[in-house]
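Chemist: Provide a 3D model corresponding to the input given below.
(chains A and B)
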Amino acid sequence: MQSQMAVQVTSQGLSMGGEVLPLYSGTVHYWRHAATDWERLLDGVLGMGFRYLETYVPWNVHQIEPGNHDFGQIDPSKDIGAFLRLCQAKGLYVLVRPGPHINAELPFLGYPARVLEIPEVQALTSTGAPAAMPFLVTPFVAPSYASERFYTEVATYFDAVAPVLKEYLYPAGPIVAIQSDNEMSFVFRTRCYDLDYNPESIGLYQQLLERKYGNIEALNKAYSVAKPYASFAEVDPPRSFQAETRRDLPYYLDWAEYQEFYIEYGIGRVRDMLEERGLTGVPYFHNYPVMYASSPFRTATLEKVVDIAGIDAYPIPSQYQELKRGVNYTSTLSRLPFIPEFGAGIWAWYRPLSPKQQLFTTLIPFMHGIKGINYYMLADRDRWLACPLRSDGTPRDEYYTIYENWNATLARLEWHKLTVERKALLLTPRSYDLVRHVALEGTFAFQWLLGFYGPLPGELFASESTIGERDAVQRRMPAWLTAMQTGMDALGVAYGLTDSDIDSAKLASYPAVLVPTFDWLDAELMEKLLEYVRGGGRLICGPRWPQTTLEGVTQPEWALDLPPVAKTAGRVNLGVADQAGNGLWLEDTDLWSEVQPGEGGEYQLTPDSEASFVKRVSLGKGEIVLISGAFPEPGHFENPTDAYRQWAPWLGSLLENAGVASLWNCDNPAVDVSVLSSEGRRVVCVANPTADKQQGKLKISGVKSWSYVDIRGESSEKTATSFPWLESNNVPGEPLENGELSLSLDPWTITLWEVK
Amino acid sequence: MTNINETAAGDTPSQLAILDPACAVVDLDPTQWARWYDFLMQPNRSIDSLYILHDQGKVITVNPIRARESMGIPARIEDPAALAADLYQRWKRGPVAIIERNRLNASMDKGQRIFTAEDDFLSYIIKIKEVLLAEATSGVVIHPHPWAGFEGITYDFPFKLRKALVPDQGAATILLAVYSGTELWSSVLFGFKDGMLTLLTTLPASGEAVTDWQQDTLRLIAAAENRHAKVVAGLFCQRDTLLKLGLRPENASGWFEASQQGDLVGFPSTAALLASTAPLFSQK
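Modeler: The predicted model follows:
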């Protein structure tokens, strides 16, 4: 598919005519500005150093009535053709997003109201209620992407808009990529038992079951139902989580898989419709409306439907860790890690970021591996503010200089060629992630309406049921992942985040892979992990070694040569509690050697020797390291990060043994670091993701000299006038003779260093 | 200036709606807007809330999980409202929510079934508020309840308020502004057309030094009328007064005193504004 296209997707950007141009883009909505302001707006976009521009092409803006559309014949601001010609004349490449979902803070998210009022088009909840959405600026009922009538209506718009856009496809025109629909997510209602129970959606679910099982007998066997189904048409999807044993799980997991399928089906269907109308030859992309694409979102399989599966992010500074995690995860799975919508300015019902906060959040994704970005928005418009350009195209200097200087820095450092250095992988088994998705204590639509206190915490609805197993996977898996991630952060170990979909070749390139494992695991991932170990990899896992598949089938070839458990301890203390009670422990731990409990019957272990809860087993050229205890959930601690950091000494020893050493060492745990490199060049990013000033000493493995990268540029004139809002114009660190860097970091800052 | 000639195809405004589907929220000054946001939202934000989910009294989950033991949360809840009040006193970090999952599911379901295509955002939110407040003492208990101050406000309240202030036909403007000394701290302009709210924006501070903030309000009124239409109601006050008294009904006497002291100024007059709106607030 790729080889046929005029525009190619590469890991560094889009390739046009054999030249790779990094995908740094920004949004301007042509119809929201007077056509007479367009030229000034585009000059502003170019002035900031952008070569790409993105715009929606909204259905309910262009449609006057069904079959009658205005593309500038009536209102000059809707003349998309004239806008694209101007972009081309200015040398801007364009990404277009023709919907049908637009959002863009438009009434009815860009759908015509009349379409959403058609009963057969409406998505239904598990109780059969139309999925009403209390959205600003207009409430509406969400559409079902399983509804054929919906696609019939969409076709009336695509029939009109596709010929207009086709004329401007690259190489004849400036359009180099197209987004298939927008933020496909049951209109942001992704709770497992919320949507979509529209009859056509249930029909699609039943079709998927038929494709998966082939015949109803196979499904009856998998579900072990008391009363067998006579046909797939009888299978009603689950409407709440009622599983009592593991044997009940497949029924629920199939519904979760269907929800993933539904999203990909809708995106694929829209892409097909656009291609059928001649919009071919350029890549298609999509944007999940989350920073971290866990179920029902799935990055790797979506890239079989479109060319790039991106994430959207509107972070505030305190979401540093969340954005880092999402970007890291996307960067290991996507062919071009891309954020199709990254907050620049903000919607009118939210608090705008200050210029300093905006600079900080803008640098986070680049620090952690993103390769493409589209800033949403570059120009103020209806229901959006605090952009680098005002609505008439004049610069808002305090924001404009951020993008002007940062784009210049990206070009100067050839950032698109840099790759984040990583030695270990933290892998989330997708089958466990599906369990997390289904094991809920309720349905809970639009729960944020309970008040202004923010959304209800997801942990509140995560079932504590073990369904008769030893572990409640949905609660213990996130804790395990958080403990490992915090431990590696504390150690200065460079790691990637990924899931079961990572291909084996990529997996094999990492010396160590860390995976939460419980009593069962899906066979496909287990085979992948065993192949990895036999080939020489180190698998660090726990708290259990899986002996069976989800379906309960024992796999003799998975058996490890493990000795009998000497004792199972309810609680093993790893750290010493501080005044806030932040001492770390392991729960429900298998001890492989006799350990004497201390006073009060609790076990207290220290990391100075091989711990009795760790078992190493050689396999082929590699090794499996089993940590046979469960980590407590973050909610047990006043400060979970402080508590999980106490895991670092143990983890450091396990990783060192696996050939993974710390890449950096900083005596201030609040400081975060990443190292990017390309052909001998290395750039270090140093972040202070806190509201306080931070100091410390940083040492990077192999680094002897540090050269500060002032993103305000090298010209003293520019340096003096850019970012007047910075609290300090001082260089945020001083290289020391011993090769270390003495840091002095302002709150919410990321600084760059070229190192040797 | 942003192009606001945007229309949504096929819209039919409700008879009771005041928020035009294509209401333009444009040309907002970031600093002024952030100040409104902080004033309205910050007191209600908390990441330290305590949540209990139960099924007909039987506790299912507690968040954060450590609170189950440290706060002595019983396995069975008999009187959720009393427990929420008690926990709130002891938790001391934020609101306490005790949620019966079946009632939450039922109220969420009802919240969707009451929607009609004629609802605008305001009327729909007020309908949902009524559903949630009906559950506030036993089903979905939140202490303190974020909607408590809105009890008694019915879905047609915004419509009645608009009727009291704005003529049905033609265009009109309502203007609010807050000063910090002589400096314009924040402003907001509500533009109405044929009874519908069609425009929300801020106005810029004067480019020249201001020596008398009350005098500057006349400049703002002129700017608002230049931007949209005749100002039918204006309210201007000092920041310290706003932050001290807030929008709480129990501080009505404080606001009266502020107007006596000249920290609150109404247009065309404070007395006229009170006369047109007070009956609504007294009867809600």
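Chemist: what residues go with each domain of the chain?
Modeler: Defaulting to chain A. As recorded under automatic domain parsing, the domains making up chain A are A:2-114+A:145-190+A:267-416, A:424-662, A:665-755.
Chemist: think we crossed wires, I meant chain B
Modeler: Looking at automatic domain parsing, the domains of chain B come to B:19-41+B:158-283, B:50-94+B:96-145.
Chemist: any chance of these in TSV, with distance to A:Val154 and mean neighbour count too?
Modeler: The C-beta positions use only the backbone N, C-alpha and C, and glycine is treated the same way. Supplementary listing: these in TSV, determined by distance: least, Cβ to Cβ, whole Å; neighbours: other Cβ atoms under 10 Å in any protein chain shown:
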stretch	distance to A:Val154	mean neighbour count
domain B:19-41+B:158-283	21	17
domain B:50-94+B:96-145	20	18
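Chemist: Let me have these in TSV, extended by distance to A:Val533.
Modeler: As requested, the domains of chain B are arranged in TSV below (distance: least, Cβ to Cβ, whole Å):
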stretch	distance to A:Val533
domain B:19-41+B:158-283	51
domain B:50-94+B:96-145	34
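Chemist: isn't B:Ser187 right up against B:Leu220?
Modeler: Yes: B:Ser187 is within contact range of B:Leu220, at 6.5 Å (criterion: Cβ atoms under 8 Å).
Chemist: any shared contact partners between those two?
Modeler: Common contacts of B:Ser187 and B:Leu220 (Cβ atoms under 8 Å, 6 or more residues apart in numbering or on different chains): B:Leu175, B:Ala177, B:Leu203.
Chemist: Excluding residues flanking it in the chain, which one is nearest the first one?
Modeler: With sequence-adjacent residues excluded and distances taken as Cβ to Cβ, 6 or more residues apart in numbering or on different chains, B:Leu175 is closest to B:Gly234, at 4.4 Å.
Chemist: Can you check my assumption that that neighbour lies in a strand?
Modeler: Yes: following the definition DSSP: H, G, I helix; E, B strand; the rest coil, B:Gly234 is counted among the residues of a strand.
Chemist: tell me what the lengthiest helix in chain A is packed against?
Modeler: When every helix of chain A is counted residue by residue (DSSP state H), the longest turns out to be helix A:249-276. Judged by 3 or more Cβ pairs under 8 Å, 6 or more residues apart in numbering or on different chains; DSSP states H and E, helix A:249-276 is in contact with helix A:148-166, helix A:199-213, helix A:216-223, strand A:284-288, helix A:299-302, helix A:430-438.
Chemist: out of the ones you listed, which comes closest to A:Pro22?
Modeler: A:Pro22 lies closest, by Cβ to Cβ, to one member of the helices and strands packed on helix A:249-276: strand A:284-288, at 15.1 Å.
Chemist: list the buried ones in the closest one?
Modeler: Taking 16 or more other Cβ atoms under 10 Å in any protein chain shown as the basis for neighbour counts, the residues of strand A:284-288 that come out buried are A:Tyr284, A:Phe285, A:His286, A:Asn287, A:Tyr288.
Chemist: And stretch A:611-626, by the same measure?
Modeler: Taking 16+ other Cβ under 10 Å as the criterion, stretch A:611-626 shows A:Ala611, A:Ser612, A:Phe613, A:Val614, A:Lys615, A:Gly622, A:Glu623, A:Ile624, A:Val625, A:Leu626 as buried.
Chemist: what's the answer for stretch A:44-55, then?
Modeler: Those would be A:Gly44, A:Val45, A:Met48, A:Gly49, A:Phe50, A:Arg51, A:Tyr52, A:Leu53, A:Glu54, A:Thr55, for stretch A:44-55 by 16+ other Cβ under 10 Å.
Chemist: out of these, what pair is the most spread apart?
Modeler: Looking across the buried residues of stretch A:44-55, with Cβ to Cβ as the criterion, the two at the greatest separation are A:Gly49 and A:Thr55, at 18.6 Å.
Chemist: can you pull the contacts of A:Trp650?
Modeler: Residues counted as contacts of A:Trp650 (Cβ under 8 Å, 6+ apart) are A:Gly487, A:Leu574, A:Pro607, A:Ala611, A:Val614.
Chemist: looking at it, the second one is touching A:Glu602, isn't it?
Modeler: If I follow you right, that is A:Leu574. No: at 11.3 Å, A:Leu574 does not count as touching A:Glu602 under the criterion of Cβ under 8 Å.
Chemist: more crowded one of those two?
Modeler: Per other Cβ atoms under 10 Å in any protein chain shown, whichever of A:Leu574 and A:Glu602 has more neighbours is A:Leu574, with 22 against 13.
Chemist: would you turn the shared contacts of B:Ser187 and B:Leu220 into TSV with pLDDT?
Modeler: Formatted as TSV, the entries for the shared contacts of B:Ser187 and B:Leu220 read as follows, by pLDDT from 0 to 100:
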residue	pLDDT
B:Leu175	96
B:Ala177	97
B:Leu203	97
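Chemist: nearest to chain A, of those residues?
Modeler: Minimum separation from chain A among the shared contacts of B:Ser187 and B:Leu220 (Cβ to the nearest Cβ) is found for B:Leu203, which lies at 14.0 Å.
Chemist: remind me which residues of the chain are low pLDDT?
Modeler: Just so you know, I chose chain A. A:1-3, A:444-454, A:608-610, A:714-729 (pLDDT under 70).
Chemist: ah, no, chain B please
Modeler: Residues of chain B that meet the cut-off, pLDDT under 70, sit at B:1-16, B:42-47, B:249, B:278-284.
Chemist: Figure out the helix or strand that the residue nearest the centre of it lives in.
Modeler: The structure's chain B has its C-alpha centroid closest to B:Leu40; by Cα atoms, centre = their mean the separation is 7.3 Å. Here B:Leu40, judged by DSSP states H and E, is contained in helix B:30-41.
Chemist: Which strand residues bridge B:Val59?
Modeler: With DSSP bridges as the criterion, B:Val59 is bridged to B:His54.
Chemist: so how far is chain A from it?
Modeler: From B:Val59 across to chain A, the span is 10 Å (Cβ to the nearest Cβ, to the nearest Å).
Chemist: so that residue touches B:Met71, yeah?
Modeler: No: the criterion here is Cβ under 8 Å, and B:Val59 misses it with B:Met71 at 11.6 Å.
Chemist: picking up where we left off before, make JSON lines from the helices and strands packed on helix A:249-276 and add distance to chain B to it.
Modeler: Formatted as JSON lines, the entries for these read as follows, by distance: least, Cβ to the nearest Cβ, whole Å:
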{"stretch": "helix A:148-166", "distance to chain B": "11"}
{"stretch": "helix A:199-213", "distance to chain B": "17"}
{"stretch": "helix A:216-223", "distance to chain B": "25"}
{"stretch": "strand A:284-288", "distance to chain B": "23"}
{"stretch": "helix A:299-302", "distance to chain B": "29"}
{"stretch": "helix A:430-438", "distance to chain B": "14"}
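Chemist: Strands along the stretch 501-650 of chain A, start to end?
Modeler: Listed in chain order, the strands of the stretch 501-650 of chain A (DSSP state E, counting those that start in this stretch) span residues A:512-517, A:538-543, A:567-573, A:585-591, A:603-604, A:614-619, A:622-627.
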